[in-house]
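Undergrad: how does the following fold in three dimensions:
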Amino acid sequence: MRELTGRSPMKSPGAPSLRLEVEREFWREIAKGLLSEEAAAAVGVSPAAGTRWFRQRGGMPSVDLAPLAGRYLSFHEREEIALLRAQGAGVREIGRRLGRAPSTISRELRRNAATRAGRLDYRASVAQWKADLLALRPKQAKLVTHQRLHEYVQERLSGHVHRPDGTLVQGPQTEPWKGRNKPHRQDRKWTSAWSPEQIAHRLNVDFPEDESMRISHEAIYQALYVQSRGALKRELVACLRTGRALRVPRARTRRKAWAHVSPEVMISERPAEAEDRAVPGHWEGDLIIGLNRSAIGTLVQRTTRFTMLVHLPREEGYGTIPRTKNGPALAGYGALSMNKALTPVITTLPEQLRRSLTWDRGKELSQHAQFRLETGVAVYFADPHSWQRGTNENTNGLLRQYFPKGTDLSRWSPDELQAVAHALNSRPRKTLGWKTPAEALNEHLHSAQKTGVATTG
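TA: Sure thing, here's the model as predicted:
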C-alpha cells in the first residue's frame, strides 16, 4: 500500500462517515437558531446524526466553519474526477476540465484512492473521507498540558464556599450530576462558581508576569462542553450560573416555543371582513393573570366591544399534588383546562356570532384544532411583539379596575365574573356613538334576523 499510495496503510472506513463539509453546513444552520433536527433536515442528514453532532460537541462546533480555501479539492470536484476517470479521461484532461494542475489530479488519484481490492480504485466518498481524516490536526488543550492552569480554573469553577473567616460551608446535600441541566426546583451544589470570563481576566491580575497562565474564556467553555477536549469534567457545567448541560447558540435563545402556531393559523390568514369590523362574530381573546397562578379568560367582540369573561377554576389536585416538571397543568389555564372552559362559553352564542377568534401566542390555546372541531370557530394567532388585538388589550385595561394586578383572581365565582362583564357591557362607549356594547350587539342581531326573513309579494 505504501508503494501504491505513497503513505502508510489506513484503516478501512467501512461506510464512510458524513463529510466535514456537511457538518460545517449543519453548524451554520444551528447558528441561525435552528434545532438540531431542523438543521439536520436542512443539510440532508438524518435527525439522529444531527442530534449526535450537537450532543457530542456540547452544543458548540468543534470544526472550523470558514469555507475551504480554493487550494483544497472539494467533494464536488472529487465526484467529477471519479466520473471522468471512469470515462477513461487522462490526468491532464481531468486537470484541464477542472482548472487544476495535472500534478494535483495525479496526487489525488494516488493518495486518496480506495485500496480494498489491493489496487487503486478511486471513489469520491472514500477519497473525501481520507482527505477529511488527514486534515485533522489533533492538538491537546492547554488545560490538559498545563497542570497549574488546570487547577486554577477548576478551583474557581467548583471550589467550596467559605465564611469571611475561612470556615468551610457545606451547603445543601444534592444528588450527583446526571448529565442533564440544573435540577428543576431543587437545591444546587454551592460552589465558587466563577464565570469563565471572570477566570480569564483574573489571571492577568493574579499572574501579571507569567504569560503561561493565560487562557481565553472561550477555551474554558470548549473544555467544559466538548467531550473530545478531555480537559475539564463535563459535570463542572453544573457550576456555571445557567447549569446547562449543552451550550445553547445565541440565535436559538431568541426562538419562542410556539410550535402550535403554524402559517395556516396566523392572523394574516384571517378573513378580511374581520379587519373592518363591519361583520359581527369576530372575537379577540386573552388572559389576565393574577396572584398564585390564577387567571380569567377575556373575550371581546370586535364590532360591538361586547365582553364575556371565562371562569377558569383550579383543576383537582392543585395545591396538594407537588409540582412536577412537564406534569399536568392544574392552575386552571392549561391547554386542556382552557378548552374545557372556553368551549361552553362560545357554543352558547348564536351561529352568526361564531366566526373567528384571534388570540395571542400563549400555549393555553395550543389545542386550537380540537377547539375548532367542537365549536366551528376558526382560531388565529397574532404576530409576536405586535399590537394586533387592540380591542382586547383595551378591555383588559378596563377590567384591571375590578381585578388589579397582584390579587388572587381564583376567588371570584362565575356569577361575580358575569356581573363584571354586565357592568362593562352596560357602559356607553364613544366608539359606538355612546351606545352600550349590549345595545350595539342587540341591533346587529335584530338586523340579521330581518335580512334573513323572506318577503312575500
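
Undergrad: enumerate every residue touching E37.
TA: E37 makes contact with 47, 50-51, according to C-beta atoms under 8 Å, 6 or more residues apart in numbering. No exception for glycine: its C-beta is placed from N, CA and C like everyone else's.

Undergrad: next, format those as JSON lines and append pLDDT.
TA: Output for the contacts of E37, formatted as JSON lines (pLDDT from 0 to 100):
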{"residue": "P47", "pLDDT": "91"}
{"residue": "G50", "pLDDT": "91"}
{"residue": "T51", "pLDDT": "91"}
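
Undergrad: who wins on neighbours among the residues you listed?
TA: Ranked by the number of neighbours (other C-beta atoms under 10 Å), the contacts of E37 place G50 first, at 24 neighbours.

Undergrad: roughly how far apart are that residue and A378?
TA: 35 Å (C-beta to C-beta, to the nearest Å).

Undergrad: then Y225?
TA: Y225 is 45 Å from A378, by C-beta to C-beta.

Undergrad: next: K233.
TA: When K233 is compared with A378 (using C-beta to C-beta), they lie 53 Å apart.

Undergrad: which one of these two has more residues nearby?
TA: Neighbours were counted for K233 and for A378 using other C-beta under 10 Å; A378 has more, 20 against 13.

Undergrad: list the contacts of H260.
TA: Neighbours of H260 in contact, by C-beta under 8 Å, 6+ apart: 363, 365-366, 368.

Undergrad: between those residues, which is closest to Y152?
TA: Set against Y152, the nearest of those by C-beta to C-beta is K363 (44.9 Å).

Undergrad: I figured that closest one was touching Y333, is that so?
TA: No - assessed by C-beta atoms under 8 Å, K363 is found out of contact with Y333, at 9.5 Å.

Undergrad: so between those two, which is more surrounded?
TA: Counted by other C-beta under 10 Å, K363 and Y333 do not tie: Y333 has more neighbours, with 24 against 16.

Undergrad: what about the more buried one, is that helix, strand or coil?
TA: coil (DSSP: H, G, I helix; E, B strand; the rest coil).

Undergrad: ok, now how distant is the closest residue to it other than its chain neighbours from V261?
TA: Counting by C-beta to C-beta, 6 or more residues apart in numbering, Y333 lies nearest to A295, which is 4.4 Å off, once chain neighbours are set aside. Distance, A295 to V261, using C-beta to C-beta: 20 Å.

Undergrad: try T167
TA: Using C-beta to C-beta, we find T167 at a distance of 54 Å from V261.

Undergrad: what about those two, which has more around it?
TA: The neighbour comparison of T167 against V261 (other C-beta under 10 Å) goes to V261, with 21 against 7.

Undergrad: list the contacts for the more buried one?
TA: So V261 contacts 361, 381 (C-beta under 8 Å, 6+ apart).

Undergrad: likewise for H162?
TA: 168-169.

Undergrad: show me the strands in the stretch 301-450 of the chain, by range?
TA: Using DSSP state E, counting those that start in this stretch, the strands of the stretch 301-450 of the chain run over 307-310, 356-359, 378-381.

Undergrad: and the first one, what's buried?
TA: By neighbour count, and taking 16 or more other C-beta atoms under 10 Å as the criterion, the buried residues in strand 307-310 are 307-310.

Undergrad: hmm, who's touching stretch 193-200?
TA: Outside stretch 193-200, the residues that touch it by C-beta under 8 Å, 6+ apart are 152-153, 156-157, 202, 215-218, 220-221, 224, 239-241.
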